[in-house]
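Undergrad: can't give you the sequence, but here's the structure:
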């Protein structure tokens, strides 16, 4: 009986020691590990963005209202590169090899201080100004959802009417060379109708 108790005691001590060592090796970062400088490095989210650097062929589809006939725009290319913590994208016609005829410029990054994604765009094709957006929480890099502050579009046709709307943008990555960006609109017209207004399908261009 005495030997059995000794064996049980030894086994218990070994178990406690193993758990203690495991806890030490997997401990979360302490306050000493988190410094202002550490907030300005890429981190896991930034590394995921950096994998998207390169040239991407883009097919854009637009719906002016719910149920409208889609307008398909082909022949665009997105040039992506990292600028600090942010992925910069220049969208322009593929025939414009020097990127002078830019249709849109945007930045996407992860703010490690606030723990959420940030986005900023400037579209040269429509008078909406600079458009900032943020995620609500820490989305996975494979599916990033950001919401914009309400903004005003000039209107359609030859008359400036000024239409307020809300917008949500969702990045979905289905593979290393394929990505979709969906933009959803809700007009301030009392209906609360949400529809897919723009879709950008990205395919990485293999540069030999």
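TA: Received the coordinates, thanks. This is a predicted model, so every value here is computed, not measured.
Undergrad: residue contacts, the residue nearest to the spatial centre of the chain?
TA: Centroid-nearest residue in the chain: residue 144, 4.2 Å away (criterion: CA atoms, centre = their mean). Residue 144 sits next to 108, 117, 135, 170, 171 when contact means CB atoms under 8 Å, 6 or more residues apart in numbering. For the C-beta atoms, the positions are set from N, CA and C on the backbone; glycine is no exception.
Undergrad: what distance do you get for it to residue 108?
TA: 7 Å (CB to CB, to the nearest Å).
Undergrad: swap in residue 35?
TA: 25 Å.
Undergrad: what is the burial count for residue 41?
TA: Using other CB atoms under 10 Å, the number of residues around residue 41 comes to 10.
Undergrad: now do the contacts for residue 87.
TA: Here residue 87 is in contact with 49, 50, 52, 53, 80, 81, 107, 108, 109 (CB under 8 Å, 6+ apart).
Undergrad: correction: residue 123
TA: 103, 104, 131.
Undergrad: in which helix or strand does the last one reside?
TA: Element membership for residue 131 (DSSP states H and E) is strand 130-134.
Undergrad: pretty sure residue 66 is touching residue 195, no?
TA: Yes - between residue 66 and residue 195 a contact is recorded at 4.1 Å, counting by CB atoms under 8 Å.
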